[in-house]
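Peer 1: Here is a sequence together with a model predicted from it:
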Amino acid sequence: MSPLLAILCVAFHAAFAATNSSVEDCPKSLTRNEYLTAYNGICYQFVLYRKRDFISAREDCSTYGGVLALAKTRDIQTYLQNQITSRGVLDTVWIGLTDIEKENTFVWEDGSLLDDAASNWADGSGPREGAIQHRLEDCVAMDTNRNGIWVDYHCQDEFLGLLTYEKNYVCQYRANVRSAI
Ligand SMILES: [Ca+2]
């Protein structure tokens, strides 16, 4: 087999495996219902039926080994936006992006740095001058009422719950990619 053909075969198999993911491949512990989808080898759990602050949402996703959604590409951002709005939610929804550790350094929940080229900030959100926003607006939600643009908010309820920052959220889990052979 020529090297080019070999590469094409690998690419075909990768594409096949990626698009062939189904909720059947999602972790067994996840409830199969209208809020669970699979897309390109990732299972998404759209938690649109309850609201939590970011820290509690993150803990909830980790219960079954997941993380808040890593909306790293335009393709995934569009997918999440469409899935959420098709379920009738036009609101801010937590994704897995914060600058909790270091102000203005936004990091995905898998530890990777935000690629600025793929960012989707609303005006007035995201990295900005001065450190005054640290610990005030460190957690990111996509606003499905504004085509999914990102807004940063307080991460946790404060003052014994008098100020609440509870939102719907999306968890993601790795699907068991089926053999492409
Ligand atoms: Ca911040």
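Peer 2: Cool, got the structure.

Peer 1: And the pLDDT for the residue lying closest to E109 once chain neighbours are set aside?
Peer 2: Counting by C-beta to C-beta, 6 or more residues apart in numbering, G96 is the residue found nearest to E109 once chain neighbours are left out, at 3.4 Å. From N, CA and C alone the C-beta is placed, and that goes for glycine too. Listed pLDDT for G96 reads 98.

Peer 1: likewise A131?
Peer 2: For A131, the pLDDT comes out at 55.

Peer 1: swap in N40?
Peer 2: pLDDT, N40: 94.

Peer 1: May I have the strands that pair with the helix or strand hosting F46, each with its orientation?
Peer 2: Assigned by DSSP states H and E, F46 belongs to strand 42-52. According to DSSP bridges, strand 42-52 forms sheet pairs with strand 36-39 (antiparallel), strand 167-174 (antiparallel).

Peer 1: Which among these is found nearest to the ion?
Peer 2: Between the ion and these, the shortest gap by C-beta to the ion is with strand 167-174, which sits at 16.6 Å.

Peer 1: What is the burial count for S112?
Peer 2: 10 (other C-beta atoms under 10 Å).

Peer 1: chain center to the helix or strand containing Q81: distance?
Peer 2: In this assignment (DSSP H and E), Q81 forms part of helix 74-86. Centroid separation between helix 74-86 and its chain, computed with C-alpha atoms, centre = their mean, to the nearest Å, is 10 Å.

Peer 1: Using PDB, write out every CA atom in that helix.
Peer 2: C-alpha atoms of helix 74-86 as PDB (Å, rounded to 0.1, in the frame of the first residue of the first chain):
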ATOM      1  CA  ARG A  74     -16.400  26.500  16.300                       C
ATOM      2  CA  ASP A  75     -17.800  23.200  15.200                       C
ATOM      3  CA  ILE A  76     -18.400  22.100  18.800                       C
ATOM      4  CA  GLN A  77     -19.700  25.500  19.800                       C
ATOM      5  CA  THR A  78     -22.200  25.400  17.000                       C
ATOM      6  CA  TYR A  79     -23.200  21.900  17.900                       C
ATOM      7  CA  LEU A  80     -23.800  22.800  21.600                       C
ATOM      8  CA  GLN A  81     -25.700  26.000  20.700                       C
ATOM      9  CA  ASN A  82     -28.000  24.000  18.300                       C
ATOM     10  CA  GLN A  83     -28.600  21.200  20.800                       C
ATOM     11  CA  ILE A  84     -29.400  23.600  23.600                       C
ATOM     12  CA  THR A  85     -31.700  25.900  21.700                       C
ATOM     13  CA  SER A  86     -33.500  22.900  20.100                       C
END
